[in-house]
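Asks: Fold the following for me, if possible:
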Amino acid sequence: METVGYYPGCSLEGTARDYAASIQGVCEMLHVELRELDDWNCCGATAAHSLNRRLAVELPGRNLVLAEKQGLSELVVPCALCFNRLKTAEKALLGPQAHRFSLSYEGSVHVVDLLDFLARPKRIRWMKTHRVRSLEGLRAVCYYGCMVNRPPKVTNAPSWENPTNMDDLLSALGVQVLDWPFKTDCCGASHSVGRPDLVTTLTGRLFSRALAQGANCIVVSCQMCQANLDMFQERVARERKEAFHLPVFYFTDLMALALGDPRAAGWARRHLVDPMPLLEALGLAV
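Replies: Numbering: from 1, shown residues only. Here you go, the predicted model:
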């Protein structure tokens, strides 16, 4: 059993509880124990950095200090926005301006995005040999969003314009992964509250390109992206007078489905765009 530190972030205890459930289920099957960081706090996303730079560093930075004190060498983060803020704090607290902040951080904790963690080559090899069903028939576009890879000077992403780790993971599960040029475009994030018109425009472009590529689903690793694509799909279809139905899966939903977790379809069923017609048509609604 491998044990790693885990920073869930706020939304996994609220609007993204379905994502939290699939993460726990998949990690159990992979024999990974997620040790939740004791006394963690909100990282400040998405607004703190627009209001107060010190607060925007010290909110996520406190979690890094806690992880270090708790002896965690690796801290897995499922939320793209949380990951970005924790990495931003890491760079600030270890950089030449570190004296401006009240926190003392030595830099012994490796902050890692959940997708990067689960898509490591050894796990992909394991999943190829342990999957109980192939997800053939799913034609997916992988949507990484804009926060987990950019800016590369913060995230250390090796391929920030064309990431491929989700592509590799889903291909190992039998999914037909389609190439498309919108992997890291923005979905509008929290503008869904103040500027839903902007989010409609941005997600509408994503839907159009996904359909043009021949996709029958979209797969994400960010709960903000999932929420916007899931919530705004009906509105976009209505405004454009188009009929389309693109389930928006978390990558962990499909991992659980391929690995034979009987709860997988139930987690996916909690999304607003019902994935069951597609899964049933492909014989995958187990």
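Asks: can you give me the helices for this protein?
Replies: 17-29, 53-69, 80-94, 114-118, 121-130, 152-155, 165-172, 191-194, 196-212, 223-240, 251-259, 264-269, 276-281 (DSSP state H).
Asks: Can you list the neighbours in contact with the longest one?
Replies: This points to helix 223-240. 11-12, 15-16, 19, 46, 78-81, 143, 145, 147, 187-190, 192, 196, 199-200, 202-204, 206-207, 218, 220, 242-244, 246, 248, 250, 271-273 (C-beta atoms under 8 Å, 6 or more residues apart in numbering). (C-beta placed from N, C-alpha, C; glycine too.)
Asks: Pull the distance from it to the chain's centre.
Replies: In this view, helix 223-240 has its centroid 17 Å away from the chain centroid, taken as C-alpha atoms, centre = their mean, to the nearest Å.
Asks: Now that helix - C-alpha only, CSV.
Replies: C-alpha atoms of helix 223-240 as CSV (Å, rounded to 0.1, in the frame of the first residue of the first chain):
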residue,chain,number,x,y,z
GLN,A,223,-14.2,20.0,-11.3
MET,A,224,-14.6,23.6,-12.3
CYS,A,225,-14.4,22.6,-16.0
GLN,A,226,-16.7,19.7,-15.4
ALA,A,227,-19.3,21.9,-13.7
ASN,A,228,-19.3,24.5,-16.5
LEU,A,229,-19.5,22.0,-19.3
ASP,A,230,-22.1,20.0,-17.5
MET,A,231,-24.3,22.9,-16.3
PHE,A,232,-24.1,25.0,-19.5
GLN,A,233,-24.5,22.3,-22.1
GLU,A,234,-28.3,22.5,-22.2
ARG,A,235,-28.3,26.3,-22.4
VAL,A,236,-25.8,26.3,-25.2
ALA,A,237,-27.8,23.7,-27.2
ARG,A,238,-30.9,25.8,-26.7
GLU,A,239,-29.4,29.1,-27.7
ARG,A,240,-27.8,27.5,-30.8
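Asks: A285: what's its closest spatial neighbour, skipping adjacent residues?
Replies: L279 (4.0 Å; C-beta to C-beta, 6 or more residues apart in numbering).
Asks: residue ranges with poor pLDDT in the stretch 101-250 of the chain?
Replies: Counting by pLDDT under 70, the stretch 101-250 of the chain contains no low-confidence range.
Asks: Nice, that's everything, thank you.
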